[in-house]
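In: one predicted model, sequence on top.
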Amino acid sequence: MTSTPPRDATRLTGTVIGVLALLTAVSPLATDMYLPAFPQMAIDLGVSATSIQLTLTTFLIGLALGQLIIGPLSDGTGRRKPLLIGTAICLLASIGTAVAPNVELLIAARFVQGLSGAAGVVLARAIISDSAKGVQAAKVLGVMMIILGIAPVLAPVLGGAIIAGLGWRGVFWVVAFLVALMFIAALCFIKETLPASGRQGGGLKAMLRSGRTVLSNRNYVGYLVTFCFAFGAMFAYISASPFVLQNVLGLSTTTYSLVFGLNALAIMISAIIATKLAGRVDFRKMLGGGVIALVLATLALLTVVFTGVAMIPTLLLLFVFQGSLGFIYGNATALALGEARQHAGTASAFLGAFQFILAGAVSPLVGLAGEHDALPMAIAMALAALISAAGFFLLTRNRSAEAIDGEAEPARPEMSEAATR
């Protein structure tokens, strides 16, 4: 039985969608906006590059862990309170990163920043799931996924411009300003979207029960795998692209930035097309087409790398690869949340947490063969794409219309039932 939102619940107006977009964007921007400053930070703080790398690792751990805590918690307490508390703590942590006098305090502040900043990412999806269904939910989630896909790509470019004018601490002050803006906007425009009648109860047992229920839904798990491994393929590209495009293909820094931006544009264009097609083309068909394009592009790229990295084919395949993601992110997210509408916070938490855990695991692997070899990147992208495809074609069943419209049974223990037959 689906609960009705309270009378004063958030409605997805243009202003509210803008606030949700800000909630979605800030943590990905904070993830790698400061990457160009790594060498200077190591000098200023008098530490090794490995110590500076830990500031990114701990942030990603906090971001993943925070979503696993805050998402299920919000299914029992509602969305607004954990969103405001998490954002307030994130603001304090962001100020801490800007003034940290040594790397130890910076690492600690980054962990808390990720842990608390997870509230914006995980609860934006849950609020959309509470407030909309069907075509509207798919379109708004598509917008959020455009932001989530493009923010990590554009963040280093924006960060480089900020660092040039304000130094590396300036990046953290900019993030603190964005978090403050996020808190004010959430306070003013985001109302409670999960009524008391729709909550799952509090406590650790309730959180674990909610997680078990969501993960026992075969369709949800399939869309989760599809989404997260597609994101993992993209992060393999993001992590290796500076070395592959510049050291292997010989592009200049300016040309590299241009190519990087064009690939980000590919995601944006395809995601906009997917959003326009929502309601006219079946969500699973769009997702399946994106997954097929993802697999074909990455396998072709692997073939090109094996036979000698040719510039034009490599750049074209990377463009097609990025374009395929626009049809995957929004549709996979909408379908996954549609399968677990009564546990939207928990479902959103798993999507976000596994996404960033996988991204953190993939990043160091693509550099195993050094800075002049594209093979680890190509292998990681192809394997991630194949696992993504397996999640879609082997685990999910064709009932997308019912799920995304909120008519399917929510988060049923299908996998457990199958195991007992």
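Out: That came in fine, so what should we check first? All values reported here derive from a predicted model rather than from experimental measurement.
In: residues near I61, how many?
Out: Using other C-beta atoms under 10 Å, the number of residues around I61 comes to 18. C-beta: built from backbone N, CA, C; applies to glycine.
In: surely it and A359 touch.
Out: No. Taking C-beta atoms under 8 Å as the definition, I61 is not a contact partner of A359, at 11.5 Å.
In: next structured bit after whichever strand or helix holds F235?
Out: Taking DSSP states H and E as the definition, F235 sits inside helix 218-241. Using DSSP H and E, the helix or strand that follows helix 218-241 in sequence is helix 253-277.
In: who are the packing partners of that next one?
Out: Applying 3 or more C-beta pairs under 8 Å, 6 or more residues apart in numbering; DSSP states H and E, we find helix 253-277 packed against helix 134-166, helix 283-306, helix 311-339.
In: that helix vs helix 218-241, what angle?
Out: Here the directions of helix 253-277 and helix 218-241 differ by 160 degrees (axes from the mean of the first three to the mean of the last three C-alpha atoms, to 10 degrees).
In: run through who's touching helix 253-277.
Out: Helix 253-277 is contacted from outside by 138-139, 142-143, 145-146, 149-150, 153-154, 157, 241-242, 245-246, 251, 286, 290, 315, 318-320, 322-327, 329-331, using C-beta atoms under 8 Å, 6 or more residues apart in numbering.
In: swap in 6 Å and give it another go.
Out: If you take C-beta atoms under 6 Å, 6 or more residues apart in numbering as the criterion, helix 253-277 is touched by 139, 142, 146, 149-150, 153-154, 245-246, 286, 318-319, 322-323, 325-327, 330.
In: ok, now stretch 16-33?
Out: Contacts for stretch 16-33 (C-beta under 6 Å, 6+ apart): 10, 63, 117, 120-121, 124, 144, 147-148, 151-152, 155-156, 159, 171, 175, 178-179, 182, 185, 189.
In: wait, a helix at G367?
Out: No. Under DSSP: H, G, I helix; E, B strand; the rest coil, G367 falls outside any helix and is assigned coil.
In: that one: neighbour count?
Out: G367: 14 neighbours (other C-beta under 10 Å).
In: so who does it touch?
Out: Contacts of G367 (C-beta under 6 Å, 6+ apart): none.
In: how about it, phi and psi?
Out: phi -110, psi 10 (degrees, to the nearest 10).
In: now it: how far from F189?
Out: Here the criterion is C-beta to C-beta, to the nearest Å. By it, G367 lies 42 Å from F189.
In: return the distance of the residue nearest the centre of the chain relative to F227.
Out: Nearest to the geometric centre of the chain sits L148, at 5.1 Å (C-alpha atoms, centre = their mean). Per C-beta to C-beta, L148 is found 10 Å from F227.
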